[in-house]
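1. coords please:
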Amino acid sequence: MTTTTDIVTRLLDLWSTPLPADDTAALAAFGALYTDPVTINGAAMSLADLLARARATQTAYGGPCREVLERVEAPGKVVVAFRMTGTHTGPITTPMGTVPATGLPVDLRVIDVLTLTDGRISGIVMVADELTNLHRLGVLALATGDDR
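-> Residues are numbered from 1 along each chain as shown. Alright, predicted model coming up:
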């Protein structure tokens with residue numbers, strides 16, 4: 001039987017460790033952890049879409065390290081707050097557009113509210129502090145009185 005601690009460890013490892021080049025093996029790794037589809041912030045996402053997102057994330061952030069800050073468990077739910085550090089090594093897609101690699105350090109805080117169904121993640125509400133990350137990467141600057 002999978003514990004919620006195992007789920008969090010497997011989740012962070014899956015997104016931090018280089019994925020198999022073979023899509024079949026990579027999809028199997030995601031299928032062992034996620035339902036297909038999984039709902040993320042209200043949108044259904046297939047395992048293939050999730051794999052593409054994971055590959056893009058691993059390209060965007062080199063040397064990622066994830067540190068669990070807090071974990072809260074309830075029946076069918078796990079909430080995990082974590083910190084991801086690394087280096088911005090590839091393009092990242094943001095609501096403001098694509099940001100090319102800067103080579104700068106990344107320090108991103110994320111909260112995932114995971115819904116579990118039969119031991120796998122079936123839903124995620126995810127909130128990341130993208131604003132601070134974009135500012136750190138030099139993409140955003142504070143407006144001055146003249147900029148308003």
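
2. helices of the chain, start to end?
-> 4-16, 23-33, 47-60, 130-136 (DSSP state H).

3. wait, which of the ones you listed is closest to D112?
-> helix 4-16 (7.7 Å; CB to CB). Quick note: C-beta positions are derived from backbone N, CA and C, even for glycine.

4. tell me the buried residues in that closest one?
-> T4, I7, V8, L11, L12, L14, W15, S16 (16 or more other CB atoms under 10 Å).

5. could you dump the helices of the chain to TSV with mean pLDDT?
-> Converted to TSV, the helices of the chain look like this (pLDDT from 0 to 100):
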stretch	mean pLDDT
helix 4-16	89
helix 23-33	96
helix 47-60	95
helix 130-136	89
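
6. dump the ones you listed to JSON lines, plus distance to A143.
-> Below are the helices of the chain laid out as JSON lines (distance: least, CB to CB, whole Å):
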{"stretch": "helix 4-16", "distance to A143": "34"}
{"stretch": "helix 23-33", "distance to A143": "41"}
{"stretch": "helix 47-60", "distance to A143": "27"}
{"stretch": "helix 130-136", "distance to A143": "12"}
